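Student: Got a predicted structure here, sequence first:
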Amino acid sequence: MVARLTRAEQREQTRRRLIEAAGSVFSRLGFKAAPIDVIAEEAGFSRGAFYSNFESKDALFIELVQGHFDAEIDTLGRALARIDHAEDLAQAVERRYRTLGENSSWCLLTTEFQLYAMRGGRMADRFGEMYEDYRQRMGELLAVHFDRLGVRSSLTPYEFGVAQIALAHGLALQRSASGALDTSLPARALATFTRGALAPSGNHASGGATSTTSAPDPS
């Protein structure tokens, strides 16, 4: 006999199904064009069930992207842990971003929402805080492995992570705008960036592999 779910377990299952459905609908339609009714229907629930779990589409998107950011950090951490030499980093980056050329939906979605938030969208502050936390966590993770591998760069680990995100999202936009671009371009371009960014740089004022924050405000 299958045990009945508690009310809390039922609520968590409903939220999880709504989040999964939202990921599918957002990927197809984009954030702004995705109707709440369609998300609820795809999850197998009513509009009322949606609003009993999320106050708005923005709130649902925030939770969806937070889960994606957490998974990205976990995936990056496991990829870096498999590297034993600094010269293997570019190849690892290329492997990690190989799928970006085939499916750029997450890059497009976060870019769309970032623009929406910057132009006065709801939960703009929360999205900004969440995104900065993601960048900081990536910088901290990179710092640990840069130190372990003896990596030196003119970019701090935080700056390296920010540049990697920017390149990935920019390349996703270019691929979306032009199907003529090779699907391998994001992976190859990011590997090329990595090789250049990790070239020996000597003593650089803003370099070093242990800092995870951006350059201080000169004011």
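Tutor: That came through fine. Numbers count the residues shown, from 1 in each chain.
Student: Return the residues in contact with Ala59.
Tutor: Ala59 makes contact with Met123 under the criterion Cβ atoms under 8 Å, 6 or more residues apart in numbering. No exception for glycine: its C-beta is placed from N, CA and C like everyone else's.
Student: and the residue most central in space within the chain, what helix or strand is that in?
Tutor: Geometric centre of the chain, nearest residue: Phe69, 4.7 Å, by Cα atoms, centre = their mean. Assigned by DSSP states H and E, Phe69 falls within helix 57-81.
Student: quick one on the thing from earlier: any figure for the gap between the residue nearest to the centre of the chain and Phe127?
Tutor: Distance of Phe69 to Phe127, given as Cβ to Cβ, to the nearest Å: 11 Å.
Student: With Val162 instead?
Tutor: Using Cβ to Cβ, Val162 is found at 16 Å from Phe127.
Student: neighbour count winner among those two?
Tutor: Higher neighbour count among Val162 and Phe127: Phe127, with 22 against 16, using other Cβ atoms under 10 Å.
Student: Which secondary structure element is home to the more buried one?
Tutor: Of the helices and strands defined by DSSP H and E, Phe127 is found in helix 124-149.
Student: Let me see the residues that make contact with the helix or strand just after the helix holding Phe69.
Tutor: Later in the chain than helix 57-81, the nearest helix or strand by DSSP H and E is helix 89-96. Helix 89-96 has contacts (Cβ under 8 Å, 6+ apart) with 75-76, 79-80, 82-83, 149, 151, 164, 187-188, 190-192, 194-195, 198.
Student: Helix 57-81 and the next helix or strand after helix 89-96, what's the angle between them?
Tutor: Once helix 89-96 ends, the next helix or strand along the chain (criterion: DSSP H and E) is helix 105-118. Angle of helix 105-118 versus helix 57-81, following axes from the mean of the first three to the mean of the last three Cα atoms, to 10 degrees, is 130 degrees.
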